[in-house]
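Colleague: Give me a 3D structure for the following:
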Amino acid sequence: MTIYEDIESAIVKRLKPLEALPQIIVDPLPENQAGYQRAATDVQVWVVYEGCDLGSVRSTGSELRSIDGAIQEETYHYQVHVMGRKLRGNNGLYHLTKLIRSKLIGFEPCGLDKMILISNRFASDKEAYKENLFTYILTFATKGLSIEELPEENLPTLETVDFDEEFTV
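Modeller: Residues are numbered from 1 along each chain as shown. Modelled structure (predicted):
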């Protein structure tokens with residue numbers, strides 16, 4: 001798996017307890033059109049990796065430096081799509097988006113920086129309200145480092161260790 005899949009899985013796992021609420025399903029976004037079905041009675045929550053921004057400066061203002069390989073800051077963006085038929089009330093999308101925000105803001109997936117909420121918006125395209133179904137998209141971000149993979153060197157391996165003095169435990 002890649003770091004993108006690992007983070008996506010961590011977010012899904014973090015949101016899975018929401019399935020204890022009536023008629024809520026939390027999953028990664030399906031890979032094919034057959035798996036992408038519009039919610040009928042259940043509220044569908046999908047998580048998907050949106051992309052990343054790459055930079056060379058941490059938020060503290062000090063540049064990242066390395067003696068050998070390239071090291072770059074990477075900001076990972078994830079979307080949480082929330083689709084359902086009801087906006088208001090205990091099982092409405094307004095309440096559910098608030099619960100999702102509280103679960104993910106400050107969450108540190110895979111040991112990365114704390115997640116922040118970038119946006120929480122009604123999907124305003126022509127698919128946003130179709131067949132009596134509302135869609136909201138929450139975009140979260142977390143930061144980590146992208147490190148160059150250096151070629152392995154054929155260095156001699158350590159075979160034995162000798163001590164000048166006797167070693168006792």
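
Colleague: Which residue, neighbours along the chain excluded, lies closest to residue 29?
Modeller: Nearest non-adjacent residue to residue 29, counting by C-beta to C-beta, 6 or more residues apart in numbering: residue 48, 3.8 Å away. Placement of C-beta: from N, CA and C, glycine included.

Colleague: count of residues packed around that neighbour?
Modeller: Applying other C-beta atoms under 10 Å, we find 16 residues neighbouring residue 48.

Colleague: Show me what the helix or strand containing it pairs with in its sheet, parallel or antiparallel.
Modeller: Using DSSP states H and E, residue 48 sits within strand 43-55. Partners of strand 43-55 in the sheet, by DSSP bridges, are strand 24-28 (parallel), strand 71-84 (antiparallel).

Colleague: Including distance to residue 121, mean pLDDT and mean neighbour count, could those go into CSV?
Modeller: Shown next, in CSV, are the strands paired with strand 43-55 (distance: least, C-beta to C-beta, whole Å; pLDDT from 0 to 100; neighbours: other C-beta atoms under 10 Å):
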stretch, distance to residue 121, mean pLDDT, mean neighbour count
strand 24-28, 20, 90, 17
strand 71-84, 10, 93, 19
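
Colleague: Would you mind putting the ones you listed into JSON lines with distance to residue 3 alongside?
Modeller: Below are these laid out as JSON lines (distance: least, C-beta to C-beta, whole Å):
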{"stretch": "strand 24-28", "distance to residue 3": "15"}
{"stretch": "strand 71-84", "distance to residue 3": "8"}
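
Colleague: Could you say which one of these comes nearest to residue 106?
Modeller: strand 71-84 (14.5 Å; C-beta to C-beta).

Colleague: Can I get that closest one in PDB? Just the C-alpha atoms.
Modeller: In PDB, the C-alpha atoms belonging to strand 71-84 read as follows (Å, rounded to 0.1, in the frame of the first residue of the first chain):
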ATOM      1  CA  ILE A  71      13.300  15.900   1.400                       C
ATOM      2  CA  GLN A  72      10.100  17.800   0.600                       C
ATOM      3  CA  GLU A  73       7.100  18.700   2.700                       C
ATOM      4  CA  GLU A  74       3.900  17.200   1.300                       C
ATOM      5  CA  THR A  75       0.400  18.300   2.200                       C
ATOM      6  CA  TYR A  76      -2.100  15.500   1.700                       C
ATOM      7  CA  HIS A  77      -5.700  16.500   0.900                       C
ATOM      8  CA  TYR A  78      -8.600  14.100   1.500                       C
ATOM      9  CA  GLN A  79     -12.300  14.600   0.700                       C
ATOM     10  CA  VAL A  80     -15.200  13.200   2.800                       C
ATOM     11  CA  HIS A  81     -18.300  13.000   0.600                       C
ATOM     12  CA  VAL A  82     -21.600  12.900   2.600                       C
ATOM     13  CA  MET A  83     -24.700  12.000   0.700                       C
ATOM     14  CA  GLY A  84     -28.200  11.700   2.100                       C
END
